[in-house]
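Participant: sequence and predicted structure below; questions after.
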Amino acid sequence: MHLQSTENEISLVGLINNLVPVGGGIVAANLAQNGYVKFSNGLIWQWGITGSVSTFEYTDVTFPIAFSSACYGCVASVQTGDSQARQSGNCHSYSTTNARVGNVYGDASSDGKISWFAYGK
């Protein structure tokens, strides 16, 4: 799904362009819920959200685009509907094309969606 550009997306692109060092302007982007931004210096930021994942379970996510040489890192967090639940997300492993993310800690049996962010080149 590709969303039409909005003022918020345009502002986000402007903000990102100002945060990246000189020579790193945006050359491609998909600002959808599962999307990416690719910079002219080769840096790529990607993000997304999974469907519901049970406590102590993992799921595989495919990046919106493949990193050309390496994924340098991945972080994840769990979103639950239970404001009292303490959940923790984890990127167990990752490659240039995908990551294995998990709902790895919970003081209750709270399923949750996992938001993830990966960066690389």
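Facilitator: Alright, I've got the coordinates. Residues are numbered from 1 along each chain as shown.
Participant: how near is the nearest residue to K113 once chain neighbours are set aside to G89?
Facilitator: Among residues not flanking K113 along the chain, Q79 sits closest, at 4.8 Å (Cβ to Cβ, 6 or more residues apart in numbering). Any C-beta I mention is one placed from the backbone N, CA and C, and that applies to glycine too. According to Cβ to Cβ, to the nearest Å, Q79 and G89 sit 9 Å apart.
Participant: low-confidence ranges in this structure?
Facilitator: 1-24, 83-85, 106-109 (pLDDT under 70).
Participant: which residues in it form strands?
Facilitator: Ranges of strands within the chain are 26-30, 35-39, 44-53, 57-62, 71-79, 87-94, 98-106, 112-120, based on DSSP state E.
Participant: ok, back up a step: got the contact list for the residue nearest to K113?
Facilitator: Taking Cβ atoms under 8 Å, 6 or more residues apart in numbering, we find Q79 in contact with I49, G112, K113, I114, S115.
Participant: equivalent analysis for S93, please.
Facilitator: By Cβ under 8 Å, 6+ apart, the contact set of S93 is A99, R100.
Participant: quickly list what's touching both of Q79 and G89.
Facilitator: Shared contacts of Q79 and G89, defined by Cβ under 8 Å, 6+ apart, are found at I114, S115.
Participant: that's all I had, so thanks and see you.
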